[in-house]
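# Show me how the following folds:
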Amino acid sequence: MADLSPVGIMVVALTFVLAGTVKGVTGMGLPTVSMGVLGAFMSPVAAASLVLAPSFVTNLWQLLTGPSLGALVARLRLLGLGLLVGTVAGARLLVSVDGRWTGAALGGALAVYAVTSLLARPFLVPAGVERWASPLVGLATGLVTGGTGVFVIPAVPYLQALGLGKDALVQALGLSFTVSTVALALGLAGGGAVHPGSMAASVLAVVPALAGMTLGTAIRGRLSVTTFRRWFLCSLLLLGLALMLRPLF
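Have a look, this model is predicted:
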């Protein structure tokens, strides 16, 4: 963050407080919110570099505090492999393509996630389908993640459709997001987008992210998660549409 003005540094810090709060309330959303807000005033690749450390720390925390790590790793290993391959490959797009269009792609991913989450009805993945669907979903999610820095489509709806219990689902999301973060870091590093300055800034961003996550965890017990989630998704949709339209003006 050395090249940002004091106002820019404050905006980045507040962005991670907000993103951490959303994650504390809903169990996800830190990279989605961070990329959406930061992508409005910096390149997606710069935003993705900032998100790496806060995302890794908060997701690893979420992963390790759940009850079923061994069983989930065994069950979701093919999903994780697809995520790893797809994200490393997709990150080349984030590094090499014109920032205006990667920003538009980021907006599209945010909008699709918001609309599908608001309108989609819950469904379950049949047991016989999971073995071959997991690597395909992981690969597709990895390509979206690598190209936009957003970890959610289609892995989050897919994990929600596996019939996991509440705690296992939160831990499975942590596993998916942790793998995605590591893979994104590898992909960005391979494209020359990660350097000591960007990593130092990313590490500093862990502090506001954890503060926001702590706040969100406290809020979760006092606020209707359904109401919060609805307003969050509507805001995300508007932000996504704005990013999609920005290259046209």
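
# And what about residue 244, helix, strand or coil?
Following DSSP: H, G, I helix; E, B strand; the rest coil, we place residue 244 in the helix state.

# Please tell me how far the residue nearest to it when sequence neighbours are not counted sits from residue 169.
Distance criterion Cβ to Cβ, 6 or more residues apart in numbering; nearest residue to residue 244, sequence neighbours excluded, is residue 107 at 3.8 Å. From N, CA and C alone the C-beta is placed, and that goes for glycine too. For residue 107, the distance to residue 169 equals 27 Å [Cβ to Cβ, to the nearest Å].

# ok, and the residue nearest to residue 244, which helix or strand is that part of?
helix 99-119 (DSSP states H and E).

# Can you list the neighbours in contact with that helix?
32, 35-36, 39, 43-45, 93-94, 144, 147-150, 152-153, 156-157, 229-230, 233-234, 236-237, 239-247 (Cβ atoms under 8 Å, 6 or more residues apart in numbering).

# and if you look at stretch 173-181?
With Cβ under 8 Å, 6+ apart, stretch 173-181 has contacts from 27-28, 31, 52, 55-56, 59-64, 66, 69, 72-73, 76, 79-80, 83-84, 87, 141-142, 145, 151, 155-156, 159.

# likewise stretch 221-235?
By Cβ under 8 Å, 6+ apart, the list of residues contacting stretch 221-235 reads 22, 25-26, 29, 114, 117-118, 219.

# go on, stretch 65-75?
Against stretch 65-75 from outside (Cβ under 8 Å, 6+ apart): 63, 80, 167-168, 170-172, 174-175.

# Next: stretch 8-16.
1, 4, 30, 33-34, 37-38, 41, 50, 54, 205, 208-209, 212.

# Give the residue farthest from the middle of the chain.
residue 128 (28.2 Å; Cα atoms, centre = their mean).

# Between helix 99-119 and the helix or strand containing it, find me the angle.
Using DSSP H and E, residue 128 maps to helix 127-148. Interaxial angle, helix 127-148 versus helix 99-119 (axes from the mean of the first three to the mean of the last three Cα atoms, to 10 degrees): 150 degrees.
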